[in-house]
Structures are given as structure tokens and as C-alpha cells.
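K.L.:
here are the coordinates; sequence isn't available:
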């Protein structure tokens, strides 16, 4: 392992923080002045479930002028299986979820979602068109919704890049707020293009809830179903 990084140093420390949903955390070692970043994919044993307080051994490296990073991470006292180091390139990196993710484009869930999203998009477009035709929706609203969708698409792209590089991630609540604000079409496009978040059932359940809430809010606005005090405000 150390041969891949000639300046790696063998260290020991304790896991002081672990983000379960994001798959990364930090190790505190008396041999290193700063907390050491560690990603789930850097563990030698992929079946190991990291927990705060766990004693770990690792190789300390520094990449691109960033802070220290842990590689070849293993639990102290546990047998260290001989495992090949995954490539640093995002194109060939294996994911912790297992080899099934390599066939992601062929999964039925991706194709089966095309029909409902197509119906929703057509209905949404018709709703916006009706709002413009009846002058219940100002034309600038379409521009705002388009900008929000583009912003949401870009944020998904940055979050996917951060996930691959092991950097700080965008909070899922932020992604959901953008969808709720009208950026859900851009979010859907980003999920398919970047293959990001679309396989996480809990995330997608909240995403679809934001889609329905946004459409319901637009329908209420266009149909003048909201109280007059809210429309005036």
C-alpha cells in the first residue's frame, strides 16, 4: 500500500467523527498535528462499520496541498486482509455498495421512473402555461423557476464531484429545499446524468415529496386557492 504513496507514514489514532450518510470522518492521532480525513473507501476491510472511538491504523498522506488524509485504514488488533488499493481515478473506483452498482444504467428503476416524471413534467408545463394565459402567473416567474432548476442542477454536479474527491458535501436538506423551491426538474436531470442520489431510497422519497408539494403550491397559486392575504404578501 505504501508503495503507491512513497511519502506515506504509518500512524495510529482514534476515530473522533463519522458522518454515516456521507461516508467520511476524521481520525485524531497524537502523531499528527491536525485531524486526519478518512473516507469509507479508504478502509481495507469494506465490511467494517466505522464507529466513533474506534482505534485505527493508517497511512498518512498529503495530496494537492490539502490536509492529511488516511489510506489503508484498518482497525487496530484486527487481521488485515490483503486487498488491492482502488484507483484514485473516479472512472475505475469501486463503490462501497458492492459490484451491483457497476450495472446501474440497466436497472429497471431508472427506466420505470421515466413515465411518471414525463407525466409530471407535462402537467407542470401545462399548469405554468395556463397560469401565463390567465395572467395569474407573471412571466418573470418562468425565468425564476428556470434559474432555480439550473442552480439545482449545478449544486448536484458539485456534490457529485465532492463525493468522488472526498471533499465536504452539500447537505441533503439543501438539495431538498432547492427542489421544493422549483428546482426539481433540474434535480431530476442531474440525478440521471450524474447518477447521483437516485439509488438512495430515503433521499428519493423526500425528493418526490418536494416535487408534489411544489406542484401543489403552483396549482394553488394559479387556481387562486391560496388565501388573499398570502397572495398579497
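P.N.:
The structure has been received and is ready for your questions. These numbers come from a predicted model, not from an experiment. Residues are numbered from 1 along each chain as shown.

K.L.:
residues near residue 195, how many?
P.N.:
14 (other Cβ atoms under 10 Å). (C-beta placed from N, C-alpha, C; glycine too.)

K.L.:
also residue 174?
P.N.:
Around residue 174 there are 13 residues (other Cβ under 10 Å).

K.L.:
now residue 172
P.N.:
Neighbours of residue 172 (other Cβ under 10 Å): 17.

K.L.:
what sits closest to it if chain neighbours are left out?
P.N.:
The shortest distance from residue 172 to any non-neighbouring residue, by Cβ to Cβ, 6 or more residues apart in numbering, is to residue 203 (6.0 Å).

K.L.:
pretty sure the one you found sits in a strand.
P.N.:
No: using DSSP: H, G, I helix; E, B strand; the rest coil, the assignment for residue 203 is helix, not a strand.

K.L.:
and the gap between it and residue 159?
P.N.:
11 Å (Cβ to Cβ, to the nearest Å).

K.L.:
and for residue 151?
P.N.:
Applying Cβ to Cβ to residue 151 and residue 159 gives a distance of 13 Å.

K.L.:
higher neighbour count, the two?
P.N.:
Neighbours per residue (other Cβ under 10 Å) separate residue 151 from residue 159, with residue 159 holding more: 23 against 14.

K.L.:
contacts only, for that one.
P.N.:
169, 170, 175, 196 (Cβ atoms under 8 Å, 6 or more residues apart in numbering).

K.L.:
of those, select the buried ones using a ChimeraX command.
P.N.:
Command for ChimeraX that selects the buried part of those, burial taken from 16 or more other Cβ atoms under 10 Å:
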select :169,170,175,196
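
K.L.:
from the contacts of residue 159, which is closest to residue 51?
P.N.:
Relative to residue 51, the closest of those is residue 169; by Cβ to Cβ it sits at 20.1 Å.

K.L.:
so where's the chain uncertain?
P.N.:
Flagging of the chain using pLDDT under 70 yields the residue ranges 1-8, 64-65, 78-115, 224-233.

K.L.:
helices along that one, start to end?
P.N.:
108-112, 114-133, 139-165, 172-178, 184-194, 201-222, 228-232 (DSSP state H).
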